[in-house]
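Peer 1: 3D, please:
(chains A and B)
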Amino acid sequence: MFGSLLFAGSKCSLSASDPSEALSARSRFVPIDGALSLVSGTLVEEHPTGGAAEPASTVRVKRIVTEVPSAVDRRFNFITMGAGISVLVLLLLVGLFLLIQSSDALGQTGIFTFLTRTEWRTDVQPARIGVLGLLTGTVLVALVAVAIAIPFSVFCALAITEYSTAKRRKWLVGVVDLLAAVPSLLFGLWGFLYLSDKIVPISRWLSQNFGFIPLFKTQSDASLTGSIFIAGIVVALMVLPIITSVVREVFSQTPPGEKEAALALGGTRWGMIRTVVFPFGKGGIIGGSMLGLGRALGETIAVALLLPQVPQKIGESIHILQNGGATVSGFIANRAGADSFTTSGLLAAGLVLFIITLGTNMIASVVVSKSRSGAGVDI
Amino acid sequence: MTDTQTDVVNDEDIVDTPEQAASVAKAKSAKVEIIGGPPAGASTLVARDACAWFGDRLVLEGVDLTMPKGKVTALIGPSGCGKSTFLRLLNRMHELIPGAALDGEILLDGEDIYATGTRAQQIRMRIGMVFQKPNPFPAMSIQENVLAGLKLARLKCDDKDMLVEQSLIRAGLWKEVRDRLDSPGGALSGGQQQRLCIARSLAVHPNVLLMDEPCSALDPTSTRRVEETIDELRDIVTVVIVTHNMQQAQRVSDFCAFFLAEENKPGFVVEHGETDFIFSTPKDSRTLDYVQGRFG
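Peer 2: Got it, this is the predicted structure:
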């Protein structure tokens, strides 16, 4: 999002370069070719001089065409550039703030230890804190959420773009957007008070039938509420609108000619979707899912309500179907307002989350924009 | 897609080795069976009092036209007179547009393709279509493109390699692409892409092939190749072609139908008949004016 804004800004700056530069360009050229190509970015090699008509000794000087912007354009350029840069500055400031505030905890624990330690104990001296237990929970919740949300989103997007009349399409888009407008606290409460109990039988069935998969194993006496699985389902509801809207946008860009070709060959609508729409929208599905993953990683209130927020170890004790688990954001929300060292530790955990979500979102937008289908889609 | 690329070599310029020539000869005459596909041979297509609407607007009225078996029928007429709409009526592509409706009957070997209980997929399998803009599936290889119809219509074939070779030979593309059947269909030039689309349509062994201005996006050389292809298809399949190019209609077609729409009125067929007759001594003066380039 801000990437493109910034890019627009930097583009403007190129064309808005000082008018004097245009005048001096001629004289500046002669000796070094490379320097000039750097300035304008559009120059290619000099034309080979010498042909039948002209003597070989003529030194050609390239004339550089530079736009001289009007005062209005310059002012407007300044404003848009300012807006673009301020977004980046804010982002940097947030990162910097997290870094400074967390330096206390990170310094005392050591970055590597902090990243690889599972437990979080501030009641012992010295405190033993680490982000790994939180991170595991965060990633697991997000993965469960996205794994559940992807098929729903894709089919929902198909229902909207391929199987609906114009009227129903409008209605469906509205409903999905409405889902995005529900405050996450309400999702959390609903999940905590209502959904949790309804999911327990599913969890039990899964653990009984797929218990051989380590993640799905449960301890015999464990409670099945407040599990990562349930939190994942609730978070899935929250990321569904994001993924759906990206996937819908991408599907709607499918070239109508290819769709007609598939239908004219005797294909069913579903056959057409498999041959044309899915291959075309692959990049969008991947990118949209990663965008959803980014959102799911940072989801706070619902997860804070649903999970006991006890950091867990990787290996034996992690079971997504039974009570337990913690996520970075949920944990921070639960512990906020503690002593200064704990706060510093929490912010360090926040910094880790910040970097991970930023990375996920960036990769997502690159994937979408690189794909054939996502070229015209902004996410 | 790379539309800019031109045909560097033409099909007829490529000299076959004896083995290749033998393989082509074998594939040309080979009988490839498609299980569950259309019945063999070309079909007669008859339109009876065909009308078409988009929403409340009647765009085509009362078209009676016979497109005889194994012949090429050209639909000519100025833009917006309902030729393409009529063509899309013939294989039930018309109904894909929201608000589209129709009246009358389209008979494929005597059976109404719009009869209750007849599935559009069945009809489209028997009546193939080639579009104005070449539309191969860009992510698929050339071979996969040719076989796409089988996959889409869920048909089985005992000898897929032979089917690919035969279809590409019939579409006049085989020699140009036989060494790179695995390269993507989207990487071909515009003219090659269009012939690939023809091969793709032919691979399901349709009874009728509809062509909607198949050459309007192509350069003259590619156009000639496609016209030669149409000429060779005569024995296998009934062809109905929409064209704005009078010379093309004269060159490729056996029969010709002249469509016209007066201002704010639906399109209709002014007259139809053998191409030679339409182009030399038509009954209607408007036809003569049009084919001689005095309007439209």
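Peer 1: ok, which residues in the stretch 151-296 of chain B are in contact with chain A?
Peer 2: Applying C-beta under 8 Å from any C-beta of the partner chain, we find that the stretch 151-296 of chain B lies next to chain A at B:151-154, B:197, B:200-201, B:204. Bear in mind the C-beta positions are built from the backbone N, C-alpha and C, glycine included.
Peer 1: Just the buried ones from those?
Peer 2: If you count burial by 16 or more other C-beta atoms under 10 Å in any protein chain shown, the buried members of these come out as B:151-153, B:197, B:200-201, B:204.
Peer 1: pLDDT added to these, as a markdown table?
Peer 2: Listed next are these as a markdown table, based on pLDDT from 0 to 100:
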| residue | pLDDT |
| --- | --- |
| B:151 | 90 |
| B:152 | 91 |
| B:153 | 88 |
| B:197 | 95 |
| B:200 | 94 |
| B:201 | 94 |
| B:204 | 92 |
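Peer 1: Return the subset of the residues of the stretch 151-296 of chain B next to chain A lying in helices.
Peer 2: B:151-152, B:197, B:200-201 (DSSP state H).
Peer 1: So which of those residues is the closest to chain A?
Peer 2: Distance to chain A across these (C-beta to the nearest C-beta) is lowest for residue B:152, with 3.3 Å.
Peer 1: Quick one: low-confidence residue ranges for the stretch 151-296 of chain B.
Peer 2: Residues of the stretch 151-296 of chain B meeting the criterion pLDDT under 70: B:296.
Peer 1: Residue B:221 and residue B:191 touch, don't they?
Peer 2: Yes. Counting by C-beta atoms under 8 Å, residue B:221 does reach residue B:191; the two are 6.9 Å apart.
Peer 1: Model confidence at residue A:35, what's the number?
Peer 2: Looking at residue A:35, its pLDDT stands at 41.
Peer 1: actually residue B:20, not the one I wrote
Peer 2: 83.
Peer 1: host element of it?
Peer 2: Taking DSSP states H and E as the definition, one finds residue B:20 inside helix B:18-29.
Peer 1: Against which helices or strands is that helix packed?
Peer 2: helix B:160-170, helix B:174-177 (3 or more C-beta pairs under 8 Å, 6 or more residues apart in numbering or on different chains; DSSP states H and E).
Peer 1: just how off-centre is stretch A:66-83 within its chain?
Peer 2: What separates the centre of stretch A:66-83 from the centre of its chain is 31 Å, taken as C-alpha atoms, centre = their mean, to the nearest Å.
Peer 1: Which helix or strand lies directly C-terminal to the host helix or strand of residue A:242?
Peer 2: Here residue A:242, judged by DSSP H and E, is contained in helix A:228-251. Toward the C-terminus, helix A:228-251 is succeeded by helix A:256-264 as the next helix or strand (DSSP H and E).
Peer 1: List the buried residues in the following helix or strand past that next one.
Peer 2: Note on helix A:256-264: by DSSP H and E, the next helix or strand toward the C-terminus is helix A:269-272. Buried positions in helix A:269-272, judged by neighbour count with 16+ other C-beta under 10 Å: A:269, A:271-272.
Peer 1: ok, helix A:269-272 near chain B or not?
Peer 2: Yes. Using C-beta under 8 Å from any C-beta, helix A:269-272 reaches chain B at A:271-272.
Peer 1: Identify the farthest-apart pair in the residues of the stretch 151-296 of chain B next to chain A.
Peer 2: With C-beta to C-beta as the measure, no two of these lie farther apart than B:154 and B:197, at 20.5 Å.
Peer 1: Name all residues that make contact with residue A:259.
Peer 2: Contact partners of residue A:259, counting by C-beta atoms under 8 Å, 6 or more residues apart in numbering or on different chains, are A:272, A:276-277.
Peer 1: Which residues of the stretch 101-250 of chain A lie near chain B?
Peer 2: So the stretch 101-250 of chain A meets chain B at A:165-166 (C-beta under 8 Å from any C-beta).
Peer 1: where do the strands sit along the stretch 101-250 of chain A?
Peer 2: When assigned using DSSP state E, counting those that start in this stretch, the strands of the stretch 101-250 of chain A occupy the ranges A:120-121, A:128-129.
Peer 1: Please identify the deepest-packed of these.
Peer 2: strand A:128-129 (a mean of 20; mean count of other C-beta atoms under 10 Å in any protein chain shown).
Peer 1: Report the rounded mean pLDDT for the longest helix seen in chain A.
Peer 2: In chain A, taking DSSP H as the definition, the longest helix is helix A:71-109. On average, the pLDDT along helix A:71-109 is 92.
Peer 1: Same question for stretch A:228-237.
Peer 2: 92.
Peer 1: ok, residues contacting it?
Peer 2: Contacts for stretch A:228-237 (C-beta under 8 Å, 6+ apart): A:137, A:140-149, A:152, A:179, A:187-188, A:190-191, A:195-196, A:199, A:203, A:206, A:296, A:299, A:302-303, A:306-307, A:320-321, A:324-325, A:327.
Peer 1: wait, what's in contact with residue B:172?
Peer 2: Shown in contact with residue B:172 (C-beta under 8 Å, 6+ apart): B:11, B:195, B:225-226, B:228-229, B:232.
Peer 1: Quick check: the gap between the closest residue to it other than its chain neighbours and chain A.
Peer 2: Closest residue in space to residue B:172, ignoring its immediate chain neighbours: residue B:229 at 4.5 Å, by C-beta to C-beta, 6 or more residues apart in numbering or on different chains. Applying C-beta to the nearest C-beta, to the nearest Å, the value for residue B:229 to chain A is 18 Å.
Peer 1: what are the phi and psi values for residue B:155?
Peer 2: Main-chain torsions, residue B:155, degrees, to the nearest 10: phi -100, psi 160.
Peer 1: how near is it to residue A:68?
Peer 2: Taking C-beta to C-beta, to the nearest Å as the measure, residue B:155 falls 65 Å from residue A:68.
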